[in-house]
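A.B. asks: Can you look at this prediction? I've put the sequence above it.
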Amino acid sequence: MGQKTKFYTGKGDRGDTARLGDTERLPKSSLLIDVIGTLDEATCALGMARAHSQSTLMQGEFPEIQRRLYRLMSHISATPATRETYAGLTETDVEWLENFIAHLEGEVPQIQGFVLPGDSIAGAACHMARGIVRRAERRLITFSETEPGIGAPNLAFVNRLSSLLFVAALLEDSLVKELPTMAKNQAEKTL
């Protein structure tokens, strides 16, 4: 057996884990852990989108979205009895996201047809994050049907987040498409 470090405890080696505010163990295959794991995937995918982003606006806002998802994961992970200790998301968080979507809508070109992910690395990363967020939303809805206390703003935030990521992908794709045109125009000006 190797030397233990601060990066693992070994307590979950049997396939179980504990919730926030509880010592009772539950299987890692439980719906709760699946929801949290999928939200964690979404947070990681947002990090990938942020790392590839060409938009300084998105680079600045992605971490704020990720922090809100961490709050949501803590809220969900808490037992119903301790959930108030781990505040989830509020209507203010949902409004913030809706206002951000509205702002971005003014920055993107009109959609001319079905959007195929892949026009840019950053746009594709946003689309990948969007797909993971949609899966997280489906699992969160299922979990909220079995456990009370997951407030409506938590569900609404995840729903709006997939919409934001769609618009962010359009923005990222448009920025890449503008680069060759801008370079061509600049070259023509210098001739």
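C.D. replies: Now that the structure is in, tell me what you want to look at.
A.B. asks: hang on, Asp119 is in a strand, isn't it?
C.D. replies: No: applying DSSP: H, G, I helix; E, B strand; the rest coil, one finds Asp119 to be coil, outside a strand.
A.B. asks: How much space separates it from Arg50?
C.D. replies: According to Cβ to Cβ, to the nearest Å, Asp119 and Arg50 sit 18 Å apart. Quick note: C-beta positions are derived from backbone N, CA and C, even for glycine.
A.B. asks: Looking at the two, which one has more neighbours?
C.D. replies: Arg50 (21 against 17; other Cβ atoms under 10 Å).
A.B. asks: Run me through the strand neighbours of the helix or strand bottoming out on mean pLDDT in the chain, direction for each.
C.D. replies: Lowest mean confidence among the helices and strands of the chain (mean pLDDT, DSSP states H and E): strand 16-18, at a mean of 71. Applying DSSP bridges to the sheet, strand 16-18 is found paired with strand 25-27 (antiparallel).
A.B. asks: and the helix or strand hosting Ile101, what does it pack onto?
C.D. replies: Using DSSP states H and E, Ile101 sits in helix 91-105. On a contact count with 3 or more Cβ pairs under 8 Å, 6 or more residues apart in numbering; DSSP states H and E, helix 91-105 meets helix 56-77, helix 152-190.
A.B. asks: Any buried residues in the very next helix or strand once past that helix, and which?
C.D. replies: Remark: after helix 91-105, the chain's next helix or strand is helix 121-146, criterion DSSP H and E. Across helix 121-146, burial judged by 16 or more other Cβ atoms under 10 Å covers 121-130, 132-137, 139-140, 143-144.
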